[in-house]
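*Asks:* model the structure of this input:
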Amino acid sequence: MKRDSKAIVVGAGPCGSFAAFNLAKTGAGVDVHEEHVEVGVPSHCAGHLSIKGLRDLGLYPLPAGIVENVFSGALFFSPNGRQFEVRFSSPVTCVVNRSLFDKHIARLAEAAGAQYITSSRVESLIVENRVAKGILIEKMRENERKFADIVIDAEGVSSRLLRQFGLSSLDRGMVVNGVEAEVESVKDTFSDEVEVFLGGQYAPGFYAWLIPRNDGSAKVGLASRSGNLLEFLLRLIKKHPIASQQLKHARMTKKAFHPITLGGPIPRTFGNGFLAVGDVASQVKPTTGGGIILGMNCARIAAEVADEAFDSDDFSAKHLGLYGKRCDEFSGFDMTVMLRIRKMLNRLSDERVDDLISFCSRFRIDEAFRNVDDLVLQAHGLLRAARSPRTFAVLAYFFLVYIFANP
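*Replies:* Residues are numbered from 1 along each chain as shown. Okay, the predicted model is just below:
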């Protein structure tokens with residue numbers, strides 16, 4: 001069997017490309033197969049990222065034109081319009097042009113030696129004796145077989161290849177559907193704060209957001225467990241007591257839909273000759289639905305383990321299991337805590353959320369978060385903030401509300 005490359009990556013999103021980049025740097029031959037004609041198109045999410053997370057990955061500052069704005073705070077609006085503000089001592093997040101960001105990571109991978117094959121839809125894995133050997137692709141209406149020592153699955157939440165390989169996919173009961181719109185002529189926003197809108201009227205099971213740009217435009221979106229996303233979005237724009245005023249004269253220029261997995265990492269992300277990274281592995285924060293930085297960290301770990309496998313010529317599940325172990329060491333505690341918080345939030349009524357926002361505002365809990373800059377590993381940040389008596393009081397209140405609301 002002729003090997004076409006050492007590694008095949010399926011999917012040229014940030015996680016797939018970052019795995020390819022880190023592998024290519026070691027001198028390994030890497031082919032990246034992307035089903036779309038162009039990397040980064042269509043765009044799949046708002047691109048609201050942690051600056052510290054990007055810096056820790058060696059990616060910040062980004063090239064000119066990719067970052068659309070930076071933020072030092074957030075405004076949270078309860079279902080009835082109560083408000084809670086969190087301000088940080090310096091910018092902690094940025095919003096990027098997702099298409100340009102994806103292209104940037106792909107260019108890094110190509111410069112390191114990875115080869116990109118676009119318009120290349122992977123139809124199936126090639127599996128022999130429970131070992132991933134390669135892929136069957138459709139390109140220019142013809143099928144072609146490609147072989148490699150390791151297949152890295154970065155296909156996203158569809159999970160076709162993951163299921164074909166026999167691994168358990170993400171928890172569909174914890175998937176919400178999202179809609180993202182770009183709007184022009186937004187009024188009365190703070191340019192350095194993102195806004196979060198809570199409430200079952202607008203985003204049952206999750207939340208809605210407004211992310212301003214410096215030019216007066218913004219990204220507006222929401223996610224929901226059920227219901228018509230466009231109806232929810234229009235209700236937010238036209239009916240919400242705050243958002244409707246900011247978006248009264250706004251013009252929607254484009255919109256996109258995407259699922260978000262909130263169930264925490266899948267039980268097993270590896271097998272013989274196979275690794276899964278990013279959304280397909282549900283490497284996404286259950287609290288906020290952010291998965292780019294977390295997934296890219298796991299992609300880097302996947303590349304490290306794959307490189308070790310090349311050195312030892314051992315592509316067994318036993319050896320590649322180091323990937324799952326290291327990912328768990330990196331984020332396992334945080335993912336467990338965030339998943340529990342997500343499940344608690346899902347059970348709270350709008351009335352309880354109103355009370356919680358009021359309690360946070362009254363106790364000035366924002367002061368405990370001013371020096372917290374790690375928004376990727378949120379449980380660790382929460383523990384640091386919990387040293388403040390005010391934060392501890394709010395956390396105690398939150399858990400008491402949850403217990404008595406759900407006996």
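
*Asks:* quick check: the residue most central in space within the chain vs Leu23, distance?
*Replies:* Closest residue to the average C-alpha location of the chain: Gly291 at 1.7 Å, with C-alpha atoms, centre = their mean. Distance from Gly291 to Leu23, counting by C-beta to C-beta, to the nearest Å: 20 Å. For every residue, glycine as well, the C-beta is placed using N, CA and C.

*Asks:* the residue nearest to the centre of the chain against Val280, yeah?
*Replies:* No. Using C-beta atoms under 8 Å, Gly291 is not in contact with Val280, being 10.5 Å away.

*Asks:* quick one: low-confidence ranges for the stretch 301-407 of the chain?
*Replies:* 363-407 (pLDDT under 70).

*Asks:* repeat that for 90
*Replies:* Applying pLDDT under 90 to the stretch 301-407 of the chain flags the ranges 337-338, 340-341, 343-349, 351-407.

*Asks:* where exactly do the helices run in this structure?
*Replies:* Under the criterion DSSP state H, helices of the chain are mapped to 14-24, 51-56, 98-112, 160-164, 229-239, 243-246, 292-312, 317-347, 350-362, 378-385, 389-405.

*Asks:* can you list the ones you listed in TSV and add mean neighbour count?
*Replies:* TSV is the format used below for these (neighbours: other C-beta atoms under 10 Å):
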stretch	mean neighbour count
helix 14-24	29
helix 51-56	18
helix 98-112	20
helix 160-164	18
helix 229-239	17
helix 243-246	17
helix 292-312	23
helix 317-347	17
helix 350-362	17
helix 378-385	18
helix 389-405	15
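
*Asks:* Throw the ones you listed into a markdown table and include distance to Leu170, thanks.
*Replies:* What follows is the helices of the chain, written out as a markdown table (distance: least, C-beta to C-beta, whole Å):
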| stretch | distance to Leu170 |
| --- | --- |
| helix 14-24 | 14 |
| helix 51-56 | 22 |
| helix 98-112 | 21 |
| helix 160-164 | 9 |
| helix 229-239 | 20 |
| helix 243-246 | 30 |
| helix 292-312 | 13 |
| helix 317-347 | 12 |
| helix 350-362 | 26 |
| helix 378-385 | 20 |
| helix 389-405 | 25 |
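
*Asks:* which among those helices is found nearest to Arg121?
*Replies:* Taking C-beta to C-beta, helix 160-164 is the member of these nearest to Arg121, at 10.5 Å.

*Asks:* can I get the closest one as PDB, trimmed to CA atoms?
*Replies:* Taking Å, rounded to 0.1, in the frame of the first residue of the first chain, the C-alpha atoms of helix 160-164 are listed here in PDB:
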ATOM      1  CA  ARG A 160     -19.700  11.400   9.700                       C
ATOM      2  CA  LEU A 161     -16.200  10.000   9.700                       C
ATOM      3  CA  LEU A 162     -16.100   9.700  13.500                       C
ATOM      4  CA  ARG A 163     -19.200   7.500  13.500                       C
ATOM      5  CA  GLN A 164     -17.900   5.500  10.600                       C
END
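
*Asks:* can you pull out the strands in the stretch 1-150 of the chain?
*Replies:* When assigned using DSSP state E, counting those that start in this stretch, the strands of the stretch 1-150 of the chain occupy the ranges 5-10, 30-33, 48-50, 67-71, 73-77, 83-87, 93-96, 115-117, 121-128, 131-139, 142-153.

*Asks:* let me see the mean pLDDT of the last one.
*Replies:* Pointing back at strand 142-153 there. Averaged across strand 142-153, the pLDDT comes to 94.

*Asks:* what strands line up against that strand, and which way round?
*Replies:* strand 5-10 (parallel), strand 131-139 (antiparallel), strand 274-276 (parallel) (DSSP bridges).

*Asks:* buried ones in it?
*Replies:* For strand 142-153, a neighbour-count test (16 or more other C-beta atoms under 10 Å) marks Lys146, Ala148, Asp149, Ile150, Val151, Ile152, Asp153 as buried.

*Asks:* quick one: distance of it to the chain centre.
*Replies:* Relative to the chain's own centre, strand 142-153 is displaced by 26 Å; criterion: C-alpha atoms, centre = their mean, to the nearest Å.
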